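**Student:** What follows is a predicted protein model with its sequence.
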Amino acid sequence: MPRPISNKTVADTLYEISLILDAEGVSFKPQAYEEAANTVRSLDEELSDLYKKCGLKCIDDLPGIGQSIAEKIEELLKTGRLAYYQKLKKKYPLDLLELTNIQNIGAKTAIKLYKKLGIKTVADLEKAAHAQKISKLKGFGQRTELDIIRQIAFKKLSRGRFLIHSALPLTESIIKELKSVSGVTHCEVAGSVRRRQETIGDIDLLITTSKPELAIKKFVSLPEIARVLEKGPSKIMVRYRFGMNGDLRILKPEEYGSALQYFTGDKEHNIALRKIAIKKGYKLSEYGLFKGKKHVAGKTEEGIYKTLGLDWIPPEIRTNSGELEAAAKHQLPDLIPYGSLKGDLQVQTNWSDGESSILEMAKAARAAGLSYIGITDHTQTLAVAHGLNEDKLKKQITEIDRVNKKIEGFKVLKSTECEILTDGRLDIKDEVLKKLDLVCVAIHGRTKMSSEEMTKRIIRALKHPLVNILLHPTGRIVNYREAYKMDFAQVLRAAVEYGVALEINSSYRLDLKDALIRQALEAGAKFTISSDTHSTGGFADLQFGIAQARRGWTTKADVLNTKPVDSFLKALKGLKK
DNA sequence: GCCGTTTTCGGCCCGACTGTTTTCAGTCG
């Protein structure tokens, strides 16, 4: 017996119908469906119970629900589906409920954005807004685009946690301001920002200063701060404009290290570390490491770990999952340093859904400190992204040759984000793929297959002799979408066997996630870290991919694009043997 | 599509506001 359809499902369905009808310019029906949805939403009794009790008549008797809608509800309750609704959804396969939940986005706007830009979800919307695609549409402007970005940020706030992508730049600008205040000797962020977690709850700032009143005055007057929630002599709590909360703690210099350690966490790591301290006859707290009453360490984090017989542990891997044991044995991995990437292997241009030309992206990459990029425009199956067919890809190859002659000390590699079809074949012919410097593959469509089908699909693509990198391997999107159902261990074995590197995607996907990176590492996989940028500003995101790699215990040697272009290509091709 | 009866079809809220336009469309309340 399937679970009975909930009132919420019925109400959502009716409401979505009203949105679609409204967008289609139908008169009066939308209000009727909306009214019916509201009635259902506010019912105390479950419709399925009501229906069992007295059938269609009781539903028809509800205010705002007449014969037609009552019959639709009956169909839903009986079969779990509604043909009328599904017909509409086929025409408009976008998440209208989610999209119209954003301020100033109504059904008409949502459907217009779907028709023009293929936007189906808030994630798509955000991506398009950041890529400045919306302001280019007729009837939309820059204000609207910025407002969309702001509104989406607010939505994320309501979920409680923000992406590191927005939290870190905010944190860094505040630290910069505070460091410029007279008397400040240290200023650093602790907590999940320092550990570079995917999502951030609040921003914990620590400072030491000889003039606390000046630092406090500066802090509470920062434009980023919306409201001061609490203000004492050593701790200030605020709400930032983007909705995140944060603390500023003013510390004594001799406690700075122990406070930094304590507030950085994570909790499991701290508990385990305190147990080690107890075992060795110490007591560890945010105020220092004590032997009896004697303060033996606490000015620096290094001093605390060292006194306990441990190497200093990078914040990203403080999770109590083997790092303390490794630190005791002096066997911590030498994590890939920030800023150590020489190339970016996923870059979209205006040949598909990116916003800038190949040359503009190359110049921006060079300015960001890189010496090569791979151009990975989408391929033909991804029509919404204006994917390239064989002819266009060949033309792009010629264009890249031209760009390479124009730009010195930099290399643009010919590549592709080639779509993996449902059965695992690629949607570009081998004869064209062969002309590329490297071939990246990815999945965008038909993501909801069974685990068996998906595993088979990906492995078939990995087996293709020309394939070098699997992009965003699991399809997950932070805070938004789970990974596809698949047998990751099998995919991993195939990647290693067929010599395909796995991408660590630096965008809001952060795909692979840390645990899978570590699993892949143990299986002998190699990685590339890429930005997946669609605009010239996107190369800054690479730091988040590095953070992700670090949380997965990855070293420089594990990440192929830490190498200069020639040895990168050699190493990548070398995986095939 | 619902409602309310004037029992079988006509009425259903609409103006403020905003961003984009240059006279309007869409959202919100």
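**Tutor:** Perfect, I can see it now.
**Student:** if I look at A:Gly265, how far off is DNA strand B?
**Tutor:** Relative to DNA strand B, A:Gly265 is positioned 38 Å away (criterion: Cβ to the nearest atom of the strand, to the nearest Å). Using the backbone N, CA and C atoms, a C-beta is placed for each residue, glycine as well.
**Student:** I meant to write A:Glu172 there.
**Tutor:** 29 Å.
**Student:** Could you count how many residues lie near that residue?
**Tutor:** Look at A:Glu172: counted by other Cβ atoms under 10 Å, it has 12 neighbours.
**Student:** what helices or strands is the host helix or strand of it leaning on?
**Tutor:** Using DSSP states H and E, A:Glu172 sits in helix A:164-179. Here helix A:164-179 touches strand A:184-189, helix A:191-194, strand A:199-200, strand A:202-209, helix A:212-220, helix A:542-551, going by 3 or more Cβ pairs under 8 Å, 6 or more residues apart in numbering; DSSP states H and E.
**Student:** Pull the contacting residues for the residue nearest the centre of chain A.
**Tutor:** Taking Cα atoms, centre = their mean as the criterion, A:Tyr508 is the residue nearest the geometric centre of chain A, at 2.2 Å. For A:Tyr508, the contact set (Cβ atoms under 8 Å, 6 or more residues apart in numbering) comprises A:123, A:126, A:163, A:165, A:477-478, A:480.
**Student:** could you redo the last one with a cut-off of 6 Å?
**Tutor:** A:163, A:478 (Cβ atoms under 6 Å, 6 or more residues apart in numbering).
**Student:** how many neighbours does whichever residue of the stretch 201-350 of chain A sits closest to DNA strand B have?
**Tutor:** Residue nearest to DNA strand B within the stretch 201-350 of chain A: A:Arg241 (16.7 Å; Cβ to the nearest atom of the strand). By the criterion of other Cβ under 10 Å, A:Arg241 has 16 neighbours.
**Student:** per-residue pLDDT, it?
**Tutor:** If you check A:Arg241, the pLDDT there is 71.
**Student:** Just give the closest residue to it, not the sequence neighbours.
**Tutor:** A:Ala226 (4.6 Å; Cβ to Cβ, 6 or more residues apart in numbering).
**Student:** Surely the one you found touches A:Arg239?
**Tutor:** Yes: at 5.1 Å, A:Ala226 and A:Arg239 qualify as touching, with contact defined as Cβ atoms under 6 Å.
**Student:** who's more crowded, the two?
**Tutor:** Neighbour count, other Cβ under 10 Å: between A:Ala226 and A:Arg239, A:Arg239 has more, with 16 against 13.
**Student:** and the more buried one, what element?
**Tutor:** strand A:235-240.
**Student:** ok, residues contacting the very next helix or strand once past that strand?
**Tutor:** As assigned by DSSP H and E, the chain's next helix or strand after strand A:235-240 is strand A:245-251. With Cβ under 6 Å, 6+ apart as the test, strand A:245-251 has contacts from A:202-208, A:212, A:219, A:234-240, A:259.
**Student:** helices or strands up against the helix or strand hosting A:Ile397?
**Tutor:** A:Ile397 is located in helix A:390-406, with elements delineated by DSSP H and E. Secondary-structure packing of helix A:390-406 (3 or more Cβ pairs under 6 Å, 6 or more residues apart in numbering; DSSP states H and E): strand A:411-414.
**Student:** Relative to the strand it packs on, what are the paired strands and their orientations?
**Tutor:** Paired neighbours of strand A:411-414 in the sheet (DSSP bridges): strand A:372-375 (parallel).
**Student:** what sits up against the strand it pairs with?
**Tutor:** Contacts of strand A:372-375 (Cβ under 6 Å, 6+ apart): A:343-345, A:347, A:358, A:365, A:411-413, A:415, A:565.
**Student:** which ones are touching the residue of the stretch 401-550 of chain A found nearest DNA strand B?
**Tutor:** Here the residue of the stretch 401-550 of chain A nearest DNA strand B is A:Ser535; by Cβ to the nearest atom of the strand that distance is 18.6 Å. Shown in contact with A:Ser535 (Cβ under 6 Å, 6+ apart): A:131, A:355.
**Student:** Might you list the low-confidence residue ranges for chain A?
**Tutor:** A:1-3, A:44, A:154-161, A:242-243, A:384, A:479-482 (pLDDT under 70).
**Student:** That one against DNA strand B: which residues are in contact?
**Tutor:** Residues of chain A lying close to DNA strand B (Cβ under 7 Å from any atom of the strand) are A:23, A:27-29, A:31-33, A:35-36, A:62-70, A:100, A:103-110, A:112, A:135, A:138-145, A:147.
**Student:** Tell me which of the residues you listed fall in helices.
**Tutor:** If you go by DSSP state H, the residues of chain A next to DNA strand B have A:23, A:29, A:31-33, A:35-36, A:67-70, A:100, A:107-110, A:112, A:142-145, A:147 in helices.
**Student:** Which of these are buried? Put it as a PyMOL command.
**Tutor:** Applying 16 or more other Cβ atoms under 10 Å to those leaves a buried subset, and the PyMOL line that selects it is:
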select buried, chain A and resi 23+32+33+35+36+69+70+100+107+109+110+112+144+145+147
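**Student:** All the helices of the stretch 251-400 of chain A, residue numbers only.
**Tutor:** Using DSSP state H, counting those that start in this stretch, the helices of the stretch 251-400 of chain A run over A:256-264, A:267-279, A:301-307, A:323-328, A:358-367, A:390-406.
**Student:** what sits up against the last one?
**Tutor:** Residues outside helix A:390-406 that contact it (Cβ under 6 Å, 6+ apart) are A:351, A:358-359, A:412, A:414, A:429, A:432, A:435.
**Student:** Check these for burial and list the buried ones.
**Tutor:** Looks like the contacts of helix A:390-406 have A:351, A:358-359, A:412, A:414, A:432 buried, using 16+ other Cβ under 10 Å.
**Student:** quick one, what contacts the closest residue to DNA strand B within the stretch 151-300 of chain A?
**Tutor:** With Cβ to the nearest atom of the strand, the shortest gap between the stretch 151-300 of chain A and DNA strand B falls at A:Gln151, namely 8.8 Å. Residues counted as contacts of A:Gln151 (Cβ under 6 Å, 6+ apart) are A:102-103.
**Student:** swap in A:Glu74?
**Tutor:** Contacts of A:Glu74 by Cβ under 6 Å, 6+ apart are A:Leu56.
**Student:** separation between it and DNA strand B?
**Tutor:** 11 Å.
**Student:** can you tell me the helix or strand for that residue?
**Tutor:** helix A:67-79.
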